[in-house]
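> Coordinates for the following, if possible.
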Amino acid sequence: MKIIVSFLWIWLAAWQPLLAQTAMADQLRADGKIWVVVAVIVVILAAFIYYLIRLDGRISKLEKEQPLK
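Residues are numbered from 1 along each chain as shown. Predicted coordinates:
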């Protein structure tokens, strides 16, 4: 139990700076450029998900072709 509580505190401490507002984010939001950042992140995540789906399909195909031992 002590390990879980310690892990939770470390995890929360690591996320705290990420949740704080920064001047850079405020400036991007004011200029309307935050949507460019959001779009780039969405494209990267979509490409990663597409890659994982394709990889899963290829692995499934190889598993079907492999004779059972």
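> and the helix or strand that contains residue 44, how far from the chain's centre?
In this assignment (DSSP states H and E), residue 44 forms part of helix 34-65. How far helix 34-65 lies from its chain's middle: 12 Å, per CA atoms, centre = their mean, to the nearest Å.
> What's the local residue count around residue 65?
Counted with other CB atoms under 10 Å, the neighbours of residue 65 add up to 7. Glycine gets a C-beta too; all of them are placed from N, C-alpha and C.
> Can you list the low-confidence ranges for this structure?
Along the chain, segments meeting pLDDT under 70 span 15, 17-21, 69.
> Dump stretch 28-46 to PDB, restricted to CA.
Listed next in PDB are the C-alpha coordinates belonging to stretch 28-46 (Å, rounded to 0.1, in the frame of the first residue of the first chain):
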ATOM      1  CA  LEU A  28      -0.100  30.900 -28.800                       C
ATOM      2  CA  ARG A  29      -3.700  31.000 -27.700                       C
ATOM      3  CA  ALA A  30      -3.800  34.800 -28.100                       C
ATOM      4  CA  ASP A  31      -2.400  34.600 -31.600                       C
ATOM      5  CA  GLY A  32      -4.700  31.700 -32.600                       C
ATOM      6  CA  LYS A  33      -1.700  29.500 -33.300                       C
ATOM      7  CA  ILE A  34      -2.700  27.000 -30.600                       C
ATOM      8  CA  TRP A  35      -4.900  25.300 -33.200                       C
ATOM      9  CA  VAL A  36      -1.800  24.600 -35.300                       C
ATOM     10  CA  VAL A  37      -0.300  22.800 -32.300                       C
ATOM     11  CA  VAL A  38      -3.500  20.900 -31.700                       C
ATOM     12  CA  ALA A  39      -3.700  19.900 -35.400                       C
ATOM     13  CA  VAL A  40      -0.100  18.600 -35.400                       C
ATOM     14  CA  ILE A  41      -0.600  16.600 -32.300                       C
ATOM     15  CA  VAL A  42      -3.800  15.100 -33.700                       C
ATOM     16  CA  VAL A  43      -2.100  14.200 -37.000                       C
ATOM     17  CA  ILE A  44       0.800  12.500 -35.100                       C
ATOM     18  CA  LEU A  45      -1.600  10.500 -32.900                       C
ATOM     19  CA  ALA A  46      -3.800   9.500 -35.900                       C
END
